[in-house]
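>>> need a structure here:
(one chain, ligands or ions: 1)
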Amino acid sequence: MLTKKVEEFCNRQIEREGYSSNLYLAMAAWAESKGMAGMSEWLYVQADEERMHMLKFIKYVTERGGSAVVPAFKQPPVKYKGIKEMFKEVMKHEQFITGSINEVLAVAISEKDYATTSWIQWFVNEQVEEEKSVQLIIDKLELAGEAGLYFLDRDIMSLRNTAAQA
Ligand code: OFO
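Here you go, the predicted structure:
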């Protein structure tokens with residue numbers, strides 16, 4: 001059985017994972033409207049993953065005899081300054097989520113809830129992976145920003161391939 005405090009922090013996390021899903025959906029729709037098919041696809045997939053994270057928490061709270069609360073979500077922003085700025089926002093948000101997961105872990109430890117301490121480890125590892133993949137995209141965008149080197153490099157490669165086939 002979850003203690004009230006652990007239940008409260010898990011429910012807080014349900015809201016945060018659900019909001020993350022909606023935030024990435026909103027970003028995906030914006031990126032798609034700007035013709036960025038690859039970036040928007042990445043964000044749509046990420047939105048699905050965040051929904052899955054929310055479900056994991058809902059099921060866990062229920063399995064441990066608690067009451068899972070599905071809340072109303074605040075509306076995420078509709079517009080973004082630019083693609084790089086948007087991915088910097090994604091990183092800021094993921095860092096916030098990492099802190100939030102760590103707080104659930106800290107509460108579980110202080111409440112001597114060792115089952116939750118062990119269960120939440122999956123999320124601790126997941127956040128390391130997520131921050132890493134967002135940083136990779138930011139790095140590529142920085143490179144593309146510097147005189148469009150990244151895209152120029154790709155274009156030149158495909159020009160070479162076309163020439164070789166002719
Ligand atoms: Fe990327 O946030 Fe879920 O855990």
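
>>> the top helix by length along the chain: what's the following helix or strand?
Ranked by residue count under DSSP state H, the longest helix found in the chain is helix 4-33. Elements were assigned by DSSP states H and E; along the chain past helix 4-33, the next helix or strand is helix 37-63.

>>> for that next one, name the packing helices and strands.
helix 4-33, helix 121-145 (3 or more Cβ pairs under 8 Å, 6 or more residues apart in numbering; DSSP states H and E). Where C-beta positions appear, they are placed from N, C-alpha and C, glycine not excepted.

>>> pick the most deeply packed of those helices.
Sort those by mean neighbour count, taking mean count of other Cβ atoms under 10 Å, and helix 4-33 sits at the top with a mean of 19.

>>> mean confidence for that helix?
Averaged across helix 4-33, the pLDDT comes to 98.

>>> starting at the chain centroid, how far to that helix?
Counting by Cα atoms, centre = their mean, to the nearest Å, helix 4-33 is centred 9 Å from the centre of its parent chain.

>>> next: stretch 94-106.
Its chain's C-alpha centre and that of stretch 94-106 lie 13 Å apart, by Cα atoms, centre = their mean.

>>> got the buried residues for that stretch?
Judged by neighbour count using 16 or more other Cβ atoms under 10 Å, the buried positions of stretch 94-106 are 94, 97-98, 100-101, 104-105.

>>> just to revisit the earlier point, would you list the helices and strands packed on helix 37-63 in a markdown table and tack on distance to the ligand?
Below are these laid out as a markdown table (distance: least, Cβ to the nearest ligand atom, whole Å):
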| stretch | distance to the ligand |
| --- | --- |
| helix 4-33 | 5 |
| helix 121-145 | 4 |
